[in-house]
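Asker: Provided below for reference: sequence and predicted model.
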Amino acid sequence: MATVIDLARTPVRELNQALHSPEDTSWRVLNPRGAHAVACGIREDLAVDIEGHVGYYCAGMNQRATVTVHGNAGTGVAENMMSGTVRVRGNASQSAGATAHGGLLVIDGDASARCGISMKGVDIVVGGNIGHMSAFMGQAGRLVVCGDAGDALGDSLYEARVYVRGRVKSLGADCVEKEMRGEHLAELAELLKSAERDEDPAEFRRYGSARELYHFKVDNTASY
Amino acid sequence: MEPASHGLRESATFDRATIHAIQRAAETGIYDIRGWGAKRRLPHFDDLLLLGASMSRYPLEGYRERCDTDVVLGTRHAKHPLRLATPVTIAGMSFGALSAQAKEALGRGAGEVGTSTTTGDGGMTPEERGHSKHLVYQYLPSRYGMNPDDLRSADAIEVVLGQGAKPGGGGMLLGQKITERVAGMRTLPVGIDQRSACRHPDWTGPDDLAIKILELREITDWEKPIYVKVGATRTYYDVKLAVHAGADVVVVDGMQGGTAATQDVFIEHVGIPTLAALPQAVRALRELGVHRQVQLVVSGGIRGGADMAKALALGADAVAIGTAALIALGDNHPRYDAAYRRLGSAAGYFDDFQDGRDPAGISTQDEELAARLDPVEAGRRLANYLRVMTMEAQTLARACGKAHLLHLEPEDLVALTIESAAMARVPLAGTDWIPGEGL
């Protein structure tokens, strides 16, 4: 039996304090009603189920925990996550998984603009579409999109890898389509499996950095 | 021959530095990137004077009566505010921009006198955490090396919106300084020219900042003071918005504030002087009724106890130093003059912090150069300098009859120039006139 905390009666502060010094490994959070910073800063291997919609920065800086949002998530879900798993059953607003260093973020629905912005090692799997400027300055990690991608995908990308199954509206500066080799199909299959998705990896295309903007050059000024 | 002695006249508009800049641009086709802060002459604390006590004020005895210096930062919301022994702190400078030895020396020097040092755009190193008694952890747009363990180990968190050298600009670290260790901390390929974002990736504007601050407080269980740092531009509005967003401490960095690498044109032409920004910040805090409750830290061109005393008199709770701290460690020391000249510079002029060949071993990642800086000895020099600054400020405060540095007030100041009187909102010396206030 999970410990139940009802945010209709308990402040978010009390919830987070309890999750930071947990006396249980399984938690259910009721009536989040769009509250911000729900279940952020967890350090332990907990399972947290949030029954409803959350506001900004849900599961921010997560370490080890598995946090599931049974609803939609506001801006910056799982921002700067280090490890663990965050799953959004609905849609996610902008900057999902921003700057996250590790772990797995799964968004079953759509993700808005700047999904995976400045990602630093996280794996993100989006069941639906993603908005513009996603993976902007992505440094490391993998972004998998089962639907379409908006404008300027992977702008100023470093070493993050991007897989898109649907249409890409446009690529950002220094982002190019790359050959899908065996090792990429294998890692994509593993990512889809970990996200409990059944799409065929062969239907995806791979995008990455052309690495042309890694050094300041006069010739590049038109790209900035 | 000395041209001037033969009646030749240098152009004030096209002086030698300007002529050289045009020639350099014509040759290279790229703008000049350098370190340091604004080098042009600006209205500054030199343009203010303190009014010592005489008939109408009662001075304190210099060698017998106490003038306390302690300050507490972050009293508004944090469970554990920062208690500093002296109101001069070390500003944010990154490992990457600076060598590990320099970061350690800053921590040692600051710790020895009971004040804080600050991380930079590159994460927290074990050296600086280990050697810093009070460490402020910067939360920057790049989030390089940002992780919740370091956040919890910090003594305060500084959300950086900008810095005085380049308000509106992101970070920059050129490839020659991106060594394996620096690259590893920043999750970047070795040797690339690193750009950091100028905007935070997951919030936009003051309403979002309030939620971001809430998240940082929740992650750290409301223990840490949260600072908001802005480059000085629209300071009156920025400070009000920072307070509304929930800041415990506001840091205002004037255009003389240094940088490790930015375009010269940015450093010299964006932002306003520290002297112009500080009174705006104080006015904003007073109007919100939170002056001395939300503490104000001011930086940008602070060089000694006189600057510190004048900044406190205008209403700051503390000052922060960056360039001056590096000079105390050994930057621009005459002993390296020959080496500076081999790089096309000279002791007293060296500002190529971006290129990683600093002969003093401070703004470098070259192991051989960095080894020149002994962190223990350099830390001792910094501690000496911080003590001198504090004693100088105490001397001035006692002369004004103050038993604590924070008792200094605008009424203790007059201005030497009309422009500094207008900016600082204190009267022109020998008059009752504050420009814009009649009389």
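Answerer: Arrived safely, thanks for sending. Numbers count the residues shown, from 1 in each chain, chains lettered A, B, ... in the order given.

Asker: going forward, measure contacts between C-alpha atoms and count neighbours the same way
Answerer: OK.

Asker: chain B contacts on chain A?
Answerer: Proximity of chain A to chain B, by Cα under 8 Å from any Cα of the partner chain, involves residues A:13, A:16-17, A:36-37, A:40-42, A:56-57, A:60-61, A:75-76, A:79-80, A:82, A:94-95, A:98-99, A:114, A:117-118, A:120, A:139-140, A:158-159, A:214-216, A:218.

Asker: any of these buried? List them.
Answerer: A:13, A:16-17, A:36-37, A:40-42, A:56-57, A:60-61, A:75-76, A:79-80, A:82, A:94-95, A:98-99, A:114, A:117-118, A:120, A:139-140, A:158-159, A:214, A:216 (16 or more other Cα atoms under 10 Å in any protein chain shown).

Asker: would you mind listing the buried residues in stretch B:140-160?
Answerer: Neighbour counts over stretch B:140-160 (16+ other Cα under 10 Å) mark B:140-148, B:150-152, B:154-160 as buried.

Asker: send me it as CSV with only the CA atoms.
Answerer: What follows is stretch B:140-160, C-alpha atoms only, in CSV (Å, rounded to 0.1, in the frame of the first residue of the first chain):
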residue,chain,number,x,y,z
LEU,B,140,23.2,29.8,-14.8
PRO,B,141,21.5,29.5,-18.2
SER,B,142,24.0,26.9,-19.4
ARG,B,143,23.5,24.7,-16.2
TYR,B,144,26.9,23.2,-16.9
GLY,B,145,27.7,20.8,-14.1
MET,B,146,24.4,21.7,-12.3
ASN,B,147,23.3,18.9,-10.0
PRO,B,148,21.2,18.7,-6.9
ASP,B,149,24.0,17.2,-4.7
ASP,B,150,26.1,20.3,-5.3
LEU,B,151,23.0,22.5,-4.8
ARG,B,152,22.5,21.0,-1.4
SER,B,153,26.2,21.3,-0.5
ALA,B,154,26.2,25.0,-1.3
ASP,B,155,25.7,27.7,1.4
ALA,B,156,23.6,29.9,-1.0
ILE,B,157,22.3,29.8,-4.5
GLU,B,158,22.8,32.6,-7.0
VAL,B,159,20.4,32.7,-9.9
VAL,B,160,22.4,34.5,-12.6
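
Asker: name the residues that touch that stretch?
Answerer: Identification of contacts with stretch B:140-160 by Cα atoms under 8 Å, 6 or more residues apart in numbering or on different chains yields A:41, A:61, A:80, A:82, A:99, A:118, B:81-82, B:121-124, B:129, B:134-139, B:161, B:170, B:185-187, B:196-201, B:219-220, B:224-230.

Asker: looking at those residues, which are in strands?
Answerer: Cross-referencing the contacts of stretch B:140-160 against strands under DSSP state E gives B:82, B:134-139, B:226-230.

Asker: now the residues you listed as a markdown table including pLDDT and neighbour count?
Answerer: A markdown table is the format used below for those (pLDDT from 0 to 100; neighbours: other Cα atoms under 10 Å in any protein chain shown):
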| residue | pLDDT | neighbour count |
| --- | --- | --- |
| B:82 | 98 | 21 |
| B:134 | 97 | 23 |
| B:135 | 98 | 26 |
| B:136 | 98 | 29 |
| B:137 | 98 | 28 |
| B:138 | 97 | 29 |
| B:139 | 97 | 28 |
| B:226 | 98 | 31 |
| B:227 | 98 | 30 |
| B:228 | 98 | 28 |
| B:229 | 98 | 27 |
| B:230 | 98 | 24 |
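
Asker: so which of these reach chain A?
Answerer: Applying Cα under 8 Å from any Cα to the ones in strands among the contacts of stretch B:140-160, one finds that nothing falls near chain A.

Asker: redo the residues you listed as CSV? Include distance to residue B:367.
Answerer: CSV is the format used below for the ones in strands among the contacts of stretch B:140-160 (distance: Cα to Cα, whole Å):
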residue, distance to residue B:367
B:82, 34
B:134, 27
B:135, 25
B:136, 26
B:137, 25
B:138, 25
B:139, 28
B:226, 35
B:227, 33
B:228, 34
B:229, 32
B:230, 33
